[in-house]
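**Q** Here is my input; please provide its structure:
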Amino acid sequence: MREGFRGPVYCTSATAELTRILLLDSAKLQEEEAAYAQKKGYSKHEKPEPLYRVEDVEKTLPLLQPYPFQQAVDIGPGAKITFYQAGHILGAASIKLVVRGEQQEKKIVFSGDLGRFHDPVLYPPAWCLRRHPVFRGHVWQSPRP
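**A** You can find the predicted model right below:
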């Protein structure tokens, strides 16, 4: 944001909600820590600065574009993403990117930490895999049938 990024930030609906809370809190803590480091003189910088400030977060939040799981989203000419539940934490997603060129179509699946089998709130990643065979062979498979 500080260096000029103004593009959309695509995310799941839950991620957008959590991002607001977490980034505002984190920015406040960073501002406090920078002020404390300057007061106590333990920073190697003459005037310690936080990585980002609350005002940076407030400028960033309007860029968030939340989408539900399993909805294809156009992100540019010939490119779509779809979020699938990863079951790790609220909002966590594996992302399928489909790019269509003149001659062919490419699919790429990104995943981070994948979640739990017996969570009372979240669907496990196996739920997605059983219903969306595009992931088979690309993402972690459940050891259970």
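**Q** Only C-alpha atoms from now on, for both contacts and neighbour counts.
**A** OK.
**Q** For the protein, which segments count as helices?
**A** In the chain, the helices defined using DSSP state H lie at 13-40, 54-60, 125-131.
**Q** Dump those helices to a markdown table, plus mean neighbour count, mean pLDDT and distance to residue 106.
**A** Putting those into a markdown table (neighbours: other Cα atoms under 10 Å; pLDDT from 0 to 100; distance: least, Cα to Cα, whole Å) gives the following:
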| stretch | mean neighbour count | mean pLDDT | distance to residue 106 |
| --- | --- | --- | --- |
| helix 13-40 | 16 | 95 | 26 |
| helix 54-60 | 15 | 95 | 31 |
| helix 125-131 | 18 | 50 | 19 |
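**Q** residue boundaries of the strands in this protein?
**A** 9-12, 64-67, 73-76, 79-85, 93-100, 105-110 (DSSP state E).
**Q** Packing partners of the third one?
**A** Counting contacts by 3 or more Cα pairs under 8 Å, 6 or more residues apart in numbering; DSSP states H and E, strand 73-76 packs against strand 79-85.
**Q** what angle separates the strand it packs on from strand 93-100?
**A** On the basis of axes from the mean of the first three to the mean of the last three Cα atoms, to 10 degrees, strand 79-85 is oriented at 160 degrees to strand 93-100.
**Q** tell me the mean pLDDT for strand 79-85?
**A** Average pLDDT, strand 79-85: 92.
**Q** Cool, thanks, talk later.
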